[in-house]
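Q: Dropping the sequence and predicted coords here.
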Amino acid sequence: MSISYWLDHSANTSNETYDVVIVGAGLAGTSVAYWLKKEEPDCKIAILEKNELAGGASGRNAGFITCGSVEHFNRLVERWGEDLAYQIWNFSEVNLSLLKEHIIGGATDLEFDDKGTFSLASTDQEFHELQETAALMEKRGIDVETVNGSQIRTRLGAEGFIGGIKYLSDASINPLRLTRRICEKGGAKLFERTEVSRIEEGPEGTRSVVTNRGRFNASVVILALNGYLPSIDPYFADKVFPTRGQILTTEPVPKFMEGPCYAHFVLDYFRQVQDGRVLIGGFRQLEKETETGYSDHVTDKIQGALGEFLERHFPVLRGKKITHRWAGVMGFSVDGQPFVGAKPDDQQVFFLGGFTAHGLGLSFHTGKCLVDLMYGRDIPGFLSAKRF
Ligand SMILES: Cc1cc2nc3c(=O)[nH]c(=O)nc-3n(C[C@H](O)[C@H](O)[C@H](O)COP(=O)(O)OP(=O)(O)OC[C@H]3O[C@@H](n4cnc5c(N)ncnc54)[C@H](O)[C@@H]3O)c2cc1C
(Lines give C-alpha, C1' and ligand atoms only; values in the text may rest on other atoms or scores of the structure.)
Protein backbone atom coordinates (compact mmCIF):
# COMPACT_ATOMS: atom_id res chain seq x y z
CA MET A 1 0.00 0.00 0.00
CA SER A 2 1.39 3.45 -0.90
CA ILE A 3 1.16 6.31 1.63
CA SER A 4 0.45 9.90 0.62
CA TYR A 5 2.35 12.80 2.17
CA TRP A 6 -0.93 14.00 3.77
CA LEU A 7 -1.67 10.66 5.39
CA ASP A 8 1.90 10.21 6.54
CA HIS A 9 1.81 11.56 10.10
CA SER A 10 5.55 11.03 10.49
CA ALA A 11 6.64 13.06 7.47
CA ASN A 12 8.15 15.74 9.73
CA THR A 13 10.70 13.38 11.29
CA SER A 14 13.42 15.35 13.05
CA ASN A 15 17.02 14.42 13.78
CA GLU A 16 16.73 15.25 17.47
CA THR A 17 18.35 13.27 20.23
CA TYR A 18 16.03 11.63 22.76
CA ASP A 19 16.52 10.36 26.29
CA VAL A 20 14.74 7.14 25.34
CA VAL A 21 13.71 5.61 22.02
CA ILE A 22 11.09 2.84 22.20
CA VAL A 23 10.76 0.51 19.20
CA GLY A 24 7.20 -0.81 18.72
CA ALA A 25 3.93 1.07 19.36
CA GLY A 26 1.76 -1.67 20.79
CA LEU A 27 0.47 -2.17 24.32
CA ALA A 28 3.97 -2.84 25.62
CA GLY A 29 5.78 0.11 24.02
CA THR A 30 3.06 2.60 24.97
CA SER A 31 2.90 1.19 28.53
CA VAL A 32 6.65 1.63 29.03
CA ALA A 33 6.39 5.22 27.75
CA TYR A 34 3.56 5.87 30.23
CA TRP A 35 5.53 4.55 33.23
CA LEU A 36 8.73 6.34 32.18
CA LYS A 37 6.89 9.67 32.00
CA LYS A 38 5.45 9.02 35.46
CA GLU A 39 8.97 8.39 36.74
CA GLU A 40 10.52 11.40 34.98
CA PRO A 41 7.98 13.85 33.51
CA ASP A 42 10.71 15.68 31.56
CA CYS A 43 12.01 12.53 29.88
CA LYS A 44 12.11 13.01 26.11
CA ILE A 45 10.73 9.83 24.54
CA ALA A 46 10.19 8.79 20.91
CA ILE A 47 8.21 5.69 19.93
CA LEU A 48 9.11 4.27 16.50
CA GLU A 49 6.53 2.07 14.75
CA LYS A 50 6.87 0.45 11.34
CA ASN A 51 3.10 0.45 10.69
CA GLU A 52 0.70 2.54 12.71
CA LEU A 53 -0.10 2.72 16.42
CA ALA A 54 -1.39 -0.74 17.49
CA GLY A 55 -0.79 -2.05 13.95
CA GLY A 56 0.64 -5.31 15.36
CA ALA A 57 -1.06 -7.74 17.76
CA SER A 58 -2.33 -4.92 19.99
CA GLY A 59 -4.89 -3.80 17.38
CA ARG A 60 -5.69 -7.34 16.20
CA ASN A 61 -6.50 -9.28 19.36
CA ALA A 62 -9.76 -10.45 20.93
CA GLY A 63 -9.81 -7.95 23.79
CA PHE A 64 -9.83 -10.41 26.74
CA ILE A 65 -8.07 -8.99 29.82
CA THR A 66 -7.52 -12.36 31.42
CA CYS A 67 -5.89 -13.06 34.73
CA GLY A 68 -3.36 -15.87 34.82
CA SER A 69 -1.62 -17.10 31.70
CA VAL A 70 -2.05 -19.25 28.63
CA GLU A 71 -2.97 -22.26 30.84
CA HIS A 72 -5.67 -23.06 33.39
CA PHE A 73 -4.60 -22.42 36.98
CA ASN A 74 -4.22 -26.15 37.79
CA ARG A 75 -1.62 -26.47 35.02
CA LEU A 76 0.19 -23.36 36.26
CA VAL A 77 0.35 -25.04 39.68
CA GLU A 78 1.64 -28.31 38.17
CA ARG A 79 4.38 -26.43 36.33
CA TRP A 80 5.46 -23.79 38.82
CA GLY A 81 4.23 -25.02 42.22
CA GLU A 82 1.35 -23.48 44.12
CA ASP A 83 3.07 -20.39 45.54
CA LEU A 84 4.74 -19.26 42.31
CA ALA A 85 1.58 -20.05 40.31
CA TYR A 86 -0.32 -17.74 42.65
CA GLN A 87 2.32 -14.98 42.27
CA ILE A 88 1.97 -15.27 38.48
CA TRP A 89 -1.81 -15.07 38.79
CA ASN A 90 -1.61 -12.14 41.15
CA PHE A 91 0.74 -10.29 38.77
CA SER A 92 -2.04 -10.19 36.15
CA GLU A 93 -4.66 -9.19 38.74
CA VAL A 94 -2.44 -6.21 39.61
CA ASN A 95 -2.17 -5.49 35.86
CA LEU A 96 -5.95 -5.09 35.70
CA SER A 97 -6.04 -2.89 38.84
CA LEU A 98 -3.29 -0.67 37.41
CA LEU A 99 -5.14 -0.34 34.10
CA LYS A 100 -8.34 0.65 35.93
CA GLU A 101 -6.58 3.15 38.17
CA HIS A 102 -4.27 4.80 35.62
CA ILE A 103 -5.94 4.43 32.21
CA ILE A 104 -9.56 3.30 32.24
CA GLY A 105 -11.01 5.21 35.20
CA GLY A 106 -14.66 5.94 34.44
CA ALA A 107 -14.19 6.02 30.63
CA THR A 108 -17.18 4.66 28.70
CA ASP A 109 -15.66 4.77 25.20
CA LEU A 110 -13.21 1.90 25.82
CA GLU A 111 -15.99 -0.77 25.85
CA PHE A 112 -14.59 -1.99 29.16
CA ASP A 113 -16.48 -4.68 31.05
CA ASP A 114 -15.21 -6.49 34.15
CA LYS A 115 -17.98 -8.95 34.88
CA GLY A 116 -15.82 -12.07 34.36
CA THR A 117 -15.03 -14.67 31.68
CA PHE A 118 -16.13 -18.30 31.29
CA SER A 119 -14.03 -21.39 30.53
CA LEU A 120 -16.19 -24.10 28.99
CA ALA A 121 -15.67 -27.86 28.73
CA SER A 122 -17.09 -30.14 26.09
CA THR A 123 -15.47 -33.30 27.53
CA ASP A 124 -15.59 -34.89 31.00
CA GLN A 125 -11.80 -34.67 31.20
CA GLU A 126 -11.76 -30.90 30.69
CA PHE A 127 -14.68 -30.35 33.06
CA HIS A 128 -12.82 -32.36 35.68
CA GLU A 129 -9.74 -30.15 35.15
CA LEU A 130 -11.86 -27.01 35.41
CA GLN A 131 -13.34 -28.20 38.69
CA GLU A 132 -9.84 -28.93 39.97
CA THR A 133 -8.81 -25.42 38.88
CA ALA A 134 -11.83 -23.88 40.64
CA ALA A 135 -10.97 -25.70 43.89
CA LEU A 136 -7.34 -24.52 43.76
CA MET A 137 -8.40 -20.96 42.99
CA GLU A 138 -10.98 -20.84 45.78
CA LYS A 139 -8.32 -22.05 48.21
CA ARG A 140 -6.32 -18.94 47.24
CA GLY A 141 -9.30 -16.62 47.57
CA ILE A 142 -9.81 -16.13 43.80
CA ASP A 143 -13.48 -15.63 42.93
CA VAL A 144 -14.84 -18.40 40.70
CA GLU A 145 -18.29 -19.84 39.95
CA THR A 146 -19.08 -23.33 38.53
CA VAL A 147 -21.79 -23.59 35.83
CA ASN A 148 -23.55 -26.60 34.30
CA GLY A 149 -24.63 -27.31 30.69
CA SER A 150 -28.11 -25.90 31.11
CA GLN A 151 -26.82 -22.65 32.66
CA ILE A 152 -24.43 -22.36 29.71
CA ARG A 153 -27.38 -22.67 27.31
CA THR A 154 -29.38 -20.01 29.13
CA ARG A 155 -26.64 -17.54 29.96
CA LEU A 156 -24.41 -17.92 26.88
CA GLY A 157 -26.76 -19.31 24.21
CA ALA A 158 -24.27 -22.15 23.64
CA GLU A 159 -25.04 -25.85 23.01
CA GLY A 160 -22.70 -28.82 23.37
CA PHE A 161 -20.85 -27.88 26.57
CA ILE A 162 -21.23 -30.04 29.67
CA GLY A 163 -20.01 -27.50 32.22
CA GLY A 164 -17.59 -24.75 32.95
CA ILE A 165 -16.33 -22.16 35.38
CA LYS A 166 -16.48 -18.39 35.47
CA TYR A 167 -13.53 -16.31 36.73
CA LEU A 168 -15.40 -13.44 38.28
CA SER A 169 -12.71 -10.78 38.04
CA ASP A 170 -11.69 -11.06 34.39
CA ALA A 171 -12.45 -8.26 31.94
CA SER A 172 -12.68 -7.33 28.26
CA ILE A 173 -12.10 -4.13 26.29
CA ASN A 174 -11.65 -2.55 22.85
CA PRO A 175 -7.88 -3.17 22.54
CA LEU A 176 -7.20 -0.55 19.86
CA ARG A 177 -8.84 2.21 21.89
CA LEU A 178 -7.01 1.07 25.01
CA THR A 179 -3.61 1.25 23.26
CA ARG A 180 -4.45 4.72 21.91
CA ARG A 181 -5.47 5.89 25.39
CA ILE A 182 -2.26 4.60 27.00
CA CYS A 183 -0.27 6.36 24.26
CA GLU A 184 -2.15 9.66 24.71
CA LYS A 185 -1.70 9.53 28.50
CA GLY A 186 2.02 8.75 28.11
CA GLY A 187 2.70 11.80 25.98
CA ALA A 188 5.68 10.35 24.05
CA LYS A 189 6.32 11.50 20.47
CA LEU A 190 5.05 8.82 18.09
CA PHE A 191 6.67 8.19 14.70
CA GLU A 192 4.53 5.87 12.57
CA ARG A 193 5.71 4.25 9.30
CA THR A 194 9.20 4.26 10.79
CA GLU A 195 10.85 0.87 10.47
CA VAL A 196 13.93 0.11 12.54
CA SER A 197 16.59 -2.01 10.88
CA ARG A 198 19.38 -2.02 13.50
CA ILE A 199 20.94 -0.30 16.49
CA GLU A 200 24.50 1.02 16.36
CA GLU A 201 26.80 3.00 18.62
CA GLY A 202 25.92 6.69 18.36
CA PRO A 203 27.75 9.95 19.22
CA GLU A 204 28.86 10.64 22.82
CA GLY A 205 27.91 7.28 24.27
CA THR A 206 24.39 7.26 22.80
CA ARG A 207 22.78 4.52 20.76
CA SER A 208 21.78 5.27 17.18
CA VAL A 209 18.57 3.61 15.98
CA VAL A 210 18.72 3.21 12.20
CA THR A 211 15.38 3.51 10.40
CA ASN A 212 13.96 4.07 6.90
CA ARG A 213 13.69 7.76 7.93
CA GLY A 214 17.22 8.22 9.19
CA ARG A 215 18.71 7.88 12.65
CA PHE A 216 17.28 8.52 16.10
CA ASN A 217 19.91 8.89 18.83
CA ALA A 218 19.14 8.14 22.48
CA SER A 219 20.84 7.28 25.76
CA VAL A 220 18.56 4.26 26.14
CA VAL A 221 16.73 2.10 23.59
CA ILE A 222 13.81 -0.15 24.52
CA LEU A 223 12.70 -2.97 22.22
CA ALA A 224 8.94 -3.50 22.67
CA LEU A 225 8.47 -5.83 19.71
CA ASN A 226 7.07 -9.01 21.32
CA GLY A 227 6.73 -11.56 18.47
CA TYR A 228 8.89 -9.41 16.17
CA LEU A 229 11.90 -9.33 18.54
CA PRO A 230 13.87 -12.01 16.62
CA SER A 231 13.35 -10.09 13.37
CA ILE A 232 15.56 -7.29 14.66
CA ASP A 233 18.08 -9.15 16.81
CA PRO A 234 19.12 -12.84 16.72
CA TYR A 235 19.65 -12.70 20.52
CA PHE A 236 15.90 -13.29 20.83
CA ALA A 237 15.67 -16.24 18.41
CA ASP A 238 15.63 -18.88 21.18
CA LYS A 239 13.58 -16.80 23.65
CA VAL A 240 10.39 -15.79 21.83
CA PHE A 241 8.62 -17.34 18.84
CA PRO A 242 6.41 -15.42 16.39
CA THR A 243 3.09 -17.27 16.42
CA ARG A 244 0.03 -16.41 14.34
CA GLY A 245 -3.49 -16.14 15.72
CA GLN A 246 -6.64 -15.83 13.57
CA ILE A 247 -10.06 -14.31 14.25
CA LEU A 248 -13.40 -13.74 12.50
CA THR A 249 -16.49 -11.74 13.42
CA THR A 250 -20.15 -12.17 12.48
CA GLU A 251 -22.65 -9.50 11.58
CA PRO A 252 -24.33 -7.92 14.66
CA VAL A 253 -27.08 -9.89 16.43
CA PRO A 254 -29.14 -8.90 19.51
CA LYS A 255 -27.23 -9.32 22.78
CA PHE A 256 -27.44 -12.95 24.03
CA MET A 257 -24.06 -13.80 25.59
CA GLU A 258 -23.43 -12.96 29.25
CA GLY A 259 -19.68 -12.69 28.88
CA PRO A 260 -16.52 -13.69 26.98
CA CYS A 261 -15.62 -17.41 26.92
CA TYR A 262 -12.71 -19.76 26.42
CA ALA A 263 -13.09 -23.37 25.30
CA HIS A 264 -10.83 -26.34 24.61
CA PHE A 265 -8.19 -25.69 27.29
CA VAL A 266 -8.00 -21.93 26.52
CA LEU A 267 -7.07 -22.58 22.86
CA ASP A 268 -10.32 -21.18 21.43
CA TYR A 269 -12.13 -18.02 22.57
CA PHE A 270 -15.25 -16.05 21.68
CA ARG A 271 -17.20 -13.05 22.89
CA GLN A 272 -20.02 -10.77 21.79
CA VAL A 273 -18.67 -7.24 21.32
CA GLN A 274 -20.55 -4.05 22.05
CA ASP A 275 -22.26 -3.64 18.67
CA GLY A 276 -23.60 -7.23 18.82
CA ARG A 277 -21.04 -8.99 16.59
CA VAL A 278 -19.66 -12.30 17.81
CA LEU A 279 -15.89 -12.54 17.57
CA ILE A 280 -14.14 -15.92 17.66
CA GLY A 281 -10.47 -16.82 17.51
CA GLY A 282 -8.20 -19.81 17.98
CA PHE A 283 -7.90 -23.24 16.32
CA ARG A 284 -4.14 -22.67 15.89
CA GLN A 285 -3.77 -26.31 16.95
CA LEU A 286 -5.10 -27.38 13.51
CA GLU A 287 -2.12 -25.93 11.60
CA LYS A 288 0.65 -25.59 14.16
CA GLU A 289 3.37 -25.94 11.55
CA THR A 290 2.10 -23.01 9.44
CA GLU A 291 0.93 -20.76 12.29
CA THR A 292 4.42 -19.39 12.88
CA GLY A 293 6.38 -16.47 11.39
CA TYR A 294 5.49 -12.87 10.59
CA SER A 295 2.65 -13.23 8.07
CA ASP A 296 -0.76 -11.87 9.06
CA HIS A 297 -2.68 -13.73 6.34
CA VAL A 298 -5.67 -15.92 7.18
CA THR A 299 -5.99 -19.57 6.10
CA ASP A 300 -9.06 -21.45 4.82
CA LYS A 301 -8.59 -24.31 7.26
CA ILE A 302 -8.61 -22.26 10.45
CA GLN A 303 -11.20 -19.75 9.23
CA GLY A 304 -13.43 -22.71 8.23
CA ALA A 305 -13.04 -24.28 11.69
CA LEU A 306 -13.92 -20.98 13.43
CA GLY A 307 -17.10 -20.65 11.36
CA GLU A 308 -18.10 -24.29 11.91
CA PHE A 309 -17.61 -23.90 15.67
CA LEU A 310 -20.08 -21.00 15.76
CA GLU A 311 -22.62 -22.91 13.61
CA ARG A 312 -22.34 -26.01 15.81
CA HIS A 313 -22.56 -24.36 19.22
CA PHE A 314 -24.75 -21.25 18.65
CA PRO A 315 -28.22 -21.76 17.12
CA VAL A 316 -28.72 -17.97 17.04
CA LEU A 317 -25.69 -17.53 14.73
CA ARG A 318 -26.63 -20.14 12.11
CA GLY A 319 -26.62 -18.52 8.64
CA LYS A 320 -25.26 -15.19 9.88
CA LYS A 321 -22.76 -13.36 7.66
CA ILE A 322 -19.06 -13.15 8.47
CA THR A 323 -17.98 -9.50 8.22
CA HIS A 324 -14.26 -9.54 9.16
CA ARG A 325 -11.42 -12.08 9.03
CA TRP A 326 -7.89 -11.26 10.19
CA ALA A 327 -4.68 -12.55 11.77
CA GLY A 328 -1.91 -11.14 13.95
CA VAL A 329 1.51 -12.10 15.25
CA MET A 330 1.89 -13.02 18.92
CA GLY A 331 5.14 -13.67 20.80
CA PHE A 332 5.24 -17.02 22.63
CA SER A 333 8.07 -17.24 25.15
CA VAL A 334 9.94 -20.47 25.91
CA ASP A 335 8.17 -20.99 29.25
CA GLY A 336 4.90 -19.11 28.63
CA GLN A 337 5.80 -16.16 30.89
CA PRO A 338 6.71 -12.65 29.74
CA PHE A 339 10.19 -11.26 30.25
CA VAL A 340 12.01 -7.96 30.82
CA GLY A 341 15.74 -7.34 30.72
CA ALA A 342 18.77 -5.55 29.31
CA LYS A 343 20.92 -7.01 26.56
CA PRO A 344 23.91 -8.78 28.20
CA ASP A 345 26.26 -7.19 25.62
CA ASP A 346 24.72 -3.69 25.81
CA GLN A 347 23.21 -2.39 29.06
CA GLN A 348 21.72 0.63 27.23
CA VAL A 349 19.35 -1.61 25.28
CA PHE A 350 16.39 -2.91 27.27
CA PHE A 351 13.53 -5.13 26.10
CA LEU A 352 10.20 -6.70 27.11
CA GLY A 353 7.94 -9.26 25.45
CA GLY A 354 6.94 -12.94 25.40
CA PHE A 355 3.34 -12.20 26.38
CA THR A 356 2.21 -15.58 24.98
CA ALA A 357 -1.28 -14.50 23.84
CA HIS A 358 -1.94 -12.56 27.06
CA GLY A 359 -0.55 -9.08 26.46
CA LEU A 360 -3.73 -7.33 27.58
CA GLY A 361 -3.56 -9.21 30.87
CA LEU A 362 0.16 -8.62 31.39
CA SER A 363 1.80 -5.80 29.44
CA PHE A 364 0.84 -2.70 31.47
CA HIS A 365 2.26 -4.20 34.66
CA THR A 366 5.25 -5.67 32.76
CA GLY A 367 5.99 -2.19 31.35
CA LYS A 368 6.03 -0.85 34.91
CA CYS A 369 8.46 -3.60 35.94
CA LEU A 370 10.79 -2.73 33.06
CA VAL A 371 10.95 0.83 34.38
CA ASP A 372 11.60 -0.58 37.89
CA LEU A 373 14.49 -2.58 36.44
CA MET A 374 15.91 0.50 34.69
CA TYR A 375 15.84 2.44 37.97
CA GLY A 376 17.49 -0.38 39.94
CA ARG A 377 14.39 -1.63 41.76
CA ASP A 378 13.53 -5.32 42.28
CA ILE A 379 11.28 -7.17 39.84
CA PRO A 380 9.64 -10.61 40.23
CA GLY A 381 12.08 -13.43 39.42
CA PHE A 382 9.65 -15.14 37.01
CA LEU A 383 9.69 -11.98 34.86
CA SER A 384 13.44 -11.53 34.63
CA ALA A 385 15.08 -12.48 31.32
CA LYS A 386 18.06 -13.66 33.38
CA ARG A 387 16.14 -16.94 33.79
CA PHE A 388 16.93 -17.90 30.16
C1 LIG B 1 -5.45 -13.03 17.00
C2 LIG B 1 -4.93 -12.61 18.35
C3 LIG B 1 -5.77 -12.66 19.47
C4 LIG B 1 -5.29 -12.26 20.72
N5 LIG B 1 -6.16 -12.19 21.76
C6 LIG B 1 -5.72 -11.71 22.95
C7 LIG B 1 -6.62 -11.48 24.02
O8 LIG B 1 -7.84 -11.64 23.89
N9 LIG B 1 -6.12 -11.08 25.21
C10 LIG B 1 -4.78 -10.85 25.39
O11 LIG B 1 -4.37 -10.52 26.49
N12 LIG B 1 -3.92 -10.97 24.37
C13 LIG B 1 -4.35 -11.39 23.17
N14 LIG B 1 -3.49 -11.48 22.12
C15 LIG B 1 -2.07 -11.14 22.36
C16 LIG B 1 -1.87 -9.64 22.48
O17 LIG B 1 -2.46 -8.98 21.38
C18 LIG B 1 -0.36 -9.37 22.56
O19 LIG B 1 0.18 -10.08 23.65
C20 LIG B 1 -0.06 -7.88 22.75
O21 LIG B 1 -0.73 -7.10 21.81
C22 LIG B 1 1.44 -7.66 22.67
O23 LIG B 1 1.68 -6.27 22.66
P24 LIG B 1 3.09 -5.76 22.21
O25 LIG B 1 3.04 -4.30 22.27
O26 LIG B 1 4.15 -6.45 22.98
O27 LIG B 1 3.25 -6.30 20.70
P28 LIG B 1 2.61 -5.72 19.34
O29 LIG B 1 1.26 -5.16 19.56
O30 LIG B 1 2.76 -6.78 18.31
O31 LIG B 1 3.57 -4.48 19.02
C32 LIG B 1 4.83 -4.63 18.42
C33 LIG B 1 4.91 -3.53 17.36
O34 LIG B 1 6.20 -3.51 16.79
C35 LIG B 1 6.08 -3.10 15.44
N36 LIG B 1 7.31 -3.48 14.75
C37 LIG B 1 7.71 -4.72 14.37
N38 LIG B 1 8.93 -4.65 13.79
C39 LIG B 1 9.29 -3.35 13.79
C40 LIG B 1 10.45 -2.65 13.33
N41 LIG B 1 11.46 -3.28 12.73
N42 LIG B 1 10.51 -1.31 13.49
C43 LIG B 1 9.47 -0.63 14.09
N44 LIG B 1 8.36 -1.25 14.55
C45 LIG B 1 8.28 -2.59 14.41
C46 LIG B 1 4.84 -3.87 14.97
O47 LIG B 1 4.29 -3.27 13.83
C48 LIG B 1 3.96 -3.77 16.20
O49 LIG B 1 3.05 -2.68 16.12
C50 LIG B 1 -3.93 -11.86 20.86
C51 LIG B 1 -3.11 -11.77 19.73
C52 LIG B 1 -3.60 -12.13 18.49
C53 LIG B 1 -2.70 -12.02 17.29
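A: Right, received. Where do you want to start?
Q: excluding its backbone neighbours, what's nearest residue 272?
A: Distances taken as CB to CB, 6 or more residues apart in numbering put residue 257 closest to residue 272, at 4.1 Å, once the chain neighbours are dropped. C-betas here are computed from N, CA, C, even on glycine.
Q: As a check, name the ranges of all helices in the chain.
A: Taking DSSP state H, the helices of the chain run over residues 27-39, 73-80, 82-99, 124-139, 149-156, 175-186, 229-232, 300-313, 359-374.
Q: and the ligand, which of these is closest to it?
A: Among those, the nearest to the ligand by CB to the nearest ligand atom is helix 359-374 (2.2 Å).
Q: For that closest one, name the packing helices and strands.
A: helix 27-39, strand 64-65, helix 82-99, helix 175-186, strand 339-343, strand 346-353 (3 or more CB pairs under 8 Å, 6 or more residues apart in numbering; DSSP states H and E).
Q: Now tabulate those in a markdown table and tack on distance to residue 274 and mean neighbour count.
A: Listed next are those as a markdown table, based on distance: least, CB to CB, whole Å; neighbours: other CB atoms under 10 Å:
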| stretch | distance to residue 274 | mean neighbour count |
| --- | --- | --- |
| helix 27-39 | 20 | 26 |
| strand 64-65 | 14 | 26 |
| helix 82-99 | 18 | 19 |
| helix 175-186 | 11 | 21 |
| strand 339-343 | 33 | 22 |
| strand 346-353 | 29 | 21 |
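Q: now the ones you listed in a markdown table, with mean pLDDT?
A: Formatted as a markdown table, these follow (pLDDT from 0 to 100):
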| stretch | mean pLDDT |
| --- | --- |
| helix 27-39 | 98 |
| strand 64-65 | 97 |
| helix 82-99 | 95 |
| helix 175-186 | 98 |
| strand 339-343 | 98 |
| strand 346-353 | 98 |
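Q: Pipe these into CSV and attach distance to residue 286 per row.
A: Formatted as CSV, the helices and strands packed on helix 359-374 follow (distance: least, CB to CB, whole Å):
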stretch, distance to residue 286
helix 27-39, 27
strand 64-65, 21
helix 82-99, 28
helix 175-186, 24
strand 339-343, 28
strand 346-353, 26
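Q: Ok, which of these comes nearest residue 219?
A: strand 346-353 (6.6 Å; CB to CB).
Q: For the residue nearest to residue 272, what are phi and psi?
A: In terms of degrees, to the nearest 10, the main-chain angles of residue 257 are phi -100, psi 130.
Q: And it, how far from the ligand?
A: 15 Å (CB to the nearest ligand atom, to the nearest Å).
Q: Touching, that residue and residue 278? I think so.
A: Yes - using CB atoms under 8 Å, residue 257 is in contact with residue 278, at 7.2 Å.
Q: what is in contact with these two at once?
A: 271, 272 (CB atoms under 8 Å, 6 or more residues apart in numbering).
Q: More neighbours: those two, which one.
A: residue 278 (23 against 20; other CB atoms under 10 Å).
Q: so what's the residue nearest to residue 272 up against?
A: 156, 157, 158, 271, 272, 278.
Q: Keep only those of these that are in strands.
A: Secondary structure from DSSP state E places 271, 272, 278 of those in strands.
Q: Looking at the residues you listed, which is nearest the ligand?
A: residue 271 (8.4 Å).
Q: Please name the nearest non-neighbouring residue to the closest one.
A: residue 260 (3.5 Å).
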